[in-house]
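S.K.: Need the 3D shape of this:
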Amino acid sequence: MTNQVVIVVKPQTFMNNSGTAVRTLLRKFSGKFSIREILVIIDDVALDLGRIRARAKGSAGGHNGLKSIEKCLGTQEYGRLRVGVDPPPGDGRGEYLTKHVLGNFNRSESQRLESSLWAASEMVDAWVQHGNYAEVMKLAPGANQR
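M.R.: Numbers count the residues shown, from 1 in each chain. Below you'll find the predicted structure:
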């Protein structure tokens, strides 16, 4: 393993304002890394629980946190790793959505999610080591991607 600097950031903003945190990070470390070296990890209610989707770039796909990042950065050219948490009950909006994404998983859901989180962590490790999306996909065969 090579010596690399990795910065892990958990924004203290609301998810819908994640872009301000990412922009602040880029300004603070200006010239130290590029936007293409960013990997954003999100929970995604549009994916089944435990499903993983990774892309080197692309649209927000309806995710408000990614929309905020794209707006603040002015680009979709950054990596993202989506971890499915299932759609919320009810109409999937408003209070239902908030309670769902901020709530806890039950025992059965936690067990289903555990192996996917291991795969996600392997993908993050591969991203750090190789910095190449194609290599990440080779090293994480258990992940679902398109």
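S.K.: Quick check on the residue nearest the centre of the chain: phi, psi?
M.R.: The centre of the chain sits closest to residue 41, judged by CA atoms, centre = their mean, with a distance of 1.7 Å. Dihedral angles of residue 41 (phi, psi; degrees, to the nearest 10) stand at phi -110, psi 130.
S.K.: residue contacts, it?
M.R.: Counting by CB atoms under 8 Å, 6 or more residues apart in numbering, residue 41 touches 80-81, 83, 120, 124. For the C-beta atoms, the positions are set from N, CA and C on the backbone; glycine is no exception.
S.K.: If we use 10 Å, what do you get?
M.R.: By CB atoms under 10 Å, 6 or more residues apart in numbering, residue 41 lies in contact with 8, 10, 54, 79-83, 120-121, 123-124, 127.
S.K.: by contact count, what packs against the helix ranked longest in the chain?
M.R.: Secondary structure of the chain per DSSP state H: the longest helix is helix 107-130. Where contact means 3 or more CB pairs under 10 Å, 6 or more residues apart in numbering; DSSP states H and E, helix 107-130 is packed against strand 39-44, strand 52-55, strand 79-84, helix 133-139.
S.K.: buried residues in it?
M.R.: Buried residues in helix 107-130, counting neighbours by 16 or more other CB atoms under 10 Å, are found at 113, 116, 119-120, 122-124, 126-128.
S.K.: give me every residue that touches residue 98.
M.R.: residue 88.
S.K.: check which helix or strand covers it.
M.R.: Using DSSP states H and E, residue 98 maps to helix 94-102.
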